[in-house]
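Q: any chance you could fold what I've pasted below:
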Amino acid sequence: MTDDLSIIPRTIESQRGMYWNAVVGRLSISYVFRGWFKGEVGMLNSTVLEVVIGLMFVFLMLSVACSLLNERIQSVLEKRARMLEAQLRKLLVGDPQAAADPKASELFEGVTQHALVRAIAHSPRHLPSYLPSSTFALALFDTLLPADGAQPATFKRLREEILKLPPSAGRESLLALLSSAEYDLPAARAAVERWFDSAMDRLSGAYKRHISGWLFALGFGLAAAINADTIQLVERLQNEDALRARVVAQAEEAGKTGKELPHNTDNFDSTDLLFWDTSLLATADEAPHYPRAMRAFEANRSWFLWAWLKIIGFAMTGLAVTLGAPFWFDLLSRLVNLRATGAKPAKAPAEAV
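A: Below you'll find the model as predicted:
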């Protein structure tokens with residue numbers, strides 16, 4: 001009886017070690033990229049290089065799909081145009097208290113409703129997605145100094161019109177820009193264009209962060225829908241030679257298409273790499289034999305470990321998608337060329353004289 005009880009702690013410790021080995025082993029994907037980032041490409045064996053190529057091919061295809069989907073979503077939401085409108089209101093009006101004054105909003109309305117701006121807008125309700133600085137400066141100056149032919153557009157008259165504006169951030173900014181122009185109207189226009197370009201640079205940064213958030217959400221959702229678990233992908237590409245060969249063959253084909261990114265995600269159907277196997281709910285014992293099957297719920301540590309690793313794998317895929325399809329296509333092309341050329345041959349020893 002004593003001998004039987006002494007086995008229990010060793011069994012628990014063995015199971016605990018098994019779980020930790022699974023976590024550490026499946027998460028140690030960094031070994032794949034270690035040689036690449038250290039410049040030791042020549043030391044990478046063919047299996048590791050093929051695993052990296054296959055993984056990047058998956059990231060490329062998912063990035064293309066998410067980018068196309070995100071482009072449609074942002075087009076429907078007109079997010080870029082809305083952000084441009086908010087940025088222009090901030091430039092010309094300023095704080096919300098000043099925006100409440102109808103006179104303070106006249107300059108904003110005059111610029112946004114100008115014929116030059118409306119001519120490039122895609123929707124009558126919103127501004128265009130992008131506005132050239134020259135168009136903004138022309139619309140702003142024409143709003144302040146209407147080209148009616150009665151009075152010439154001069155620097156002095158421009159300053160007088162700006163001084164008539166109600167107190168706002170836009171009024172103070174325009175006065176500061178005029179002061180730097182030293183009574184030169186073309187210089188004042190150039191200063192306004194630089195001011196607008198600086199604001200657009202900040203807007204572009206905010207929009208990129210917005211897009212990155214959407215790409216991560218779409219990447220995570222798509223990864224969960226088609227079972228694109230980065231951790232499992234690395235594990236299967238490493239251990240299944242036939243699967244790795246099929247994926248690498250398609251990756252090499254995609255790398256030879258030049259700068260045209262692949263749009264056909266049906267290639268995955270023939271590789272048996274992605275998508276859930278809906279024919280069964282695998283138990284813990286069956287899971288190794290059915291890697292694409294969803295695990296049947298079990299109230300134990302093994303199931304929660306599987307679910308947690310799945311979430312981490314989907315999140316890693318979502319993060320990879322945020323880098324964009326051009327990034328993965330360029331990197332994939334480099335690795336495909338590297339694999340085709342092989343390692344650089346060693347130099348022959350110099351002959352003794």
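Q: against which helices or strands is the lengthiest helix in the chain packed?
A: Ranked by residue count and defined by DSSP state H, the top helix of the chain is helix 185-226. Secondary-structure packing of helix 185-226 (3 or more Cβ pairs under 8 Å, 6 or more residues apart in numbering; DSSP states H and E): helix 46-77, helix 79-92, helix 133-144, helix 155-163, helix 169-181, helix 301-322. Every C-beta, even on glycine, is put in place using the N, C-alpha and C of the backbone.
Q: format the ones you listed as CSV; extra columns: mean pLDDT, mean neighbour count and distance to residue 282.
A: What follows is the helices and strands packed on helix 185-226, written out as CSV (pLDDT from 0 to 100; neighbours: other Cβ atoms under 10 Å; distance: least, Cβ to Cβ, whole Å):
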stretch, mean pLDDT, mean neighbour count, distance to residue 282
helix 46-77, 91, 20, 22
helix 79-92, 90, 19, 41
helix 133-144, 92, 19, 59
helix 155-163, 87, 15, 72
helix 169-181, 88, 17, 62
helix 301-322, 92, 18, 10
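Q: so which of these gets nearest residue 122?
A: Closest to residue 122 of these, according to Cβ to Cβ: helix 79-92, at 7.5 Å.
Q: okay, now the domains of the chain?
A: 31-76+214-341, 78-201 (automatic domain parsing).
Q: what's the end-to-end length of the shortest one?
A: For domain 78-201, the separation between the terminal residues is 19 Å (Cα to Cα, to the nearest Å).
Q: centre of the chain to that domain, how far?
A: 32 Å (Cα atoms, centre = their mean, to the nearest Å).
Q: repeat for the longest one
A: The gap between the average C-alpha position of domain 31-76+214-341 and the chain average comes to 16 Å, counting by Cα atoms, centre = their mean.
Q: one step back: could you check the angle helix 301-322 makes with the longest helix of the chain?
A: If you take axes from the mean of the first three to the mean of the last three Cα atoms, to 10 degrees, helix 185-226 sits at 150 degrees to helix 301-322.
Q: any idea of the mean pLDDT for helix 185-226?
A: Per-residue pLDDT over helix 185-226 has a mean of 94.
Q: what packs against the next helix or strand after it?
A: Counting by DSSP states H and E, the element after helix 185-226 in chain order, helix or strand, is helix 230-239. Counting contacts by 3+ Cβ pairs under 8 Å, 6+ apart, helix 230-239 packs against helix 2-27, helix 46-77, helix 241-255, helix 301-322.
Q: and these as JSON lines, adding distance to residue 212?
A: Shown next, in JSON lines, are these (distance: least, Cβ to Cβ, whole Å):
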{"stretch": "helix 2-27", "distance to residue 212": "23"}
{"stretch": "helix 46-77", "distance to residue 212": "10"}
{"stretch": "helix 241-255", "distance to residue 212": "24"}
{"stretch": "helix 301-322", "distance to residue 212": "5"}
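Q: give me the angle between the longest helix of the chain and helix 46-77.
A: 120 degrees.
Q: still on that earlier bit, want to throw the domains of the chain into JSON lines with distance to residue 208?
A: Converted to JSON lines, the domains of the chain look like this (distance: least, Cβ to Cβ, whole Å):
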{"stretch": "domain 31-76+214-341", "distance to residue 208": "10"}
{"stretch": "domain 78-201", "distance to residue 208": "11"}
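Q: quick revisit: quick one: which of the helices and strands packed on helix 185-226 is nearest residue 221?
A: Comparing these under Cβ to Cβ, the one sitting nearest is helix 301-322, at 8.1 Å.
Q: other SSEs contacting the closest one?
A: helix 2-27, helix 46-77, helix 185-226, helix 230-239, strand 293-295.
Q: circling back to that earlier point, ok, which of the helices and strands packed on helix 230-239 comes nearest residue 192?
A: Across the helices and strands packed on helix 230-239, closest to residue 192 is helix 46-77 (Cβ to Cβ), at 28.5 Å.
Q: measure how far the closest one is from the centre of its chain, please.
A: Using Cα atoms, centre = their mean, the offset of helix 46-77 from its chain centre is 10 Å.
Q: which strands or helices does that helix pack on?
A: helix 30-37, helix 185-226, helix 230-239, helix 241-255, helix 301-322, helix 325-341.
Q: just name the most buried of those helices.
A: Sort the helices and strands packed on helix 46-77 by mean neighbour count, taking mean count of other Cβ atoms under 10 Å, and helix 230-239 sits at the top with a mean of 20.
Q: quick one: mean pLDDT for that helix?
A: Here the average pLDDT along helix 230-239 is 90.
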